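Novice: after the sequence you'll find the predicted model.
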Amino acid sequence: MDTRVEKTLEKRKKGYNCAQAVACTYCDMVGVDEKTMFQMTEALGAGMAGTMEGPCGAVSAACVLASMKGSTGNLEAPDSVKTTYKLSSKILEKFSEKNQSVVCKELKGAKTGKVLRSCPGCIQDAAALVEELLFDA
């Protein structure tokens, strides 16, 4: 697979939030059309609902993609949660190792004044992890 990391930044410049930029770039790889993925991830931007209180939207989007990749969708006998959690945990772990946090306001230095990673940087890092851990790029 050719890298799509730069496409995530193009979507961001177009007005997609951080979660949408990551999720929509790879939505075709998990069988979701872009409009649906755009709608599904809209509330995840800027640390959930624009509050910066939750996880980085780009990381949240990577976990949404991990869910789509790992889940069997078996409604009668859910059997894939361990696989999905393992994929998502690896994303969180590697992102945190690189950036010292996964929490939006910590990454942006909202309380400390020390920015750990810019929004475009977070988007690039999350996209690179999606490619590395989910799609073997």
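Specialist: It's in.
Novice: from here on, just use CA atoms for contacts and neighbour counts.
Specialist: Fine.
Novice: what's the burial count for residue 114?
Specialist: Residue 114 has 11 neighbours, counted by other CA atoms under 10 Å.
Novice: next up, phi/psi of it, please.
Specialist: With angles defined as degrees, to the nearest 10, residue 114 sits at phi -100, psi 110.
Novice: correct me if wrong: it contacts residue 108.
Specialist: Yes - here residue 114 reaches residue 108: they are 7.3 Å apart, a contact under CA atoms under 8 Å.
Novice: quick one: the helices in the protein?
Specialist: 5-14, 18-26, 34-41, 57-70, 81-99, 104-107, 119-129 (DSSP state H).
Novice: buried set for the last one?
Specialist: By neighbour count on 16 or more other CA atoms under 10 Å, the buried set for helix 119-129 is 119, 120, 122, 123, 124, 125, 126, 127, 128, 129.
Novice: same deal with the third one?
Specialist: Within helix 34-41, the residues that qualify as buried by neighbour count (16+ other CA under 10 Å) are 34, 37, 38, 40, 41.
Novice: need the per-residue pLDDT for the last one.
Specialist: If I follow you right, that is residue 41. What the model reports for residue 41 is a pLDDT of 97.
Novice: what's it in contact with, if anything?
Specialist: 19, 20, 23, 61 (CA atoms under 8 Å, 6 or more residues apart in numbering).
Novice: adding neighbour count, distance to residue 103 and pLDDT as columns, could you present these in JSON lines?
Specialist: Output for the contacts of residue 41, formatted as JSON lines (neighbours: other CA atoms under 10 Å; distance: CA to CA, whole Å; pLDDT from 0 to 100):
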{"residue": "19", "neighbour count": "31", "distance to residue 103": "13", "pLDDT": "97"}
{"residue": "20", "neighbour count": "30", "distance to residue 103": "17", "pLDDT": "98"}
{"residue": "23", "neighbour count": "30", "distance to residue 103": "18", "pLDDT": "98"}
{"residue": "61", "neighbour count": "29", "distance to residue 103": "13", "pLDDT": "98"}
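Novice: right, I'll leave it there.
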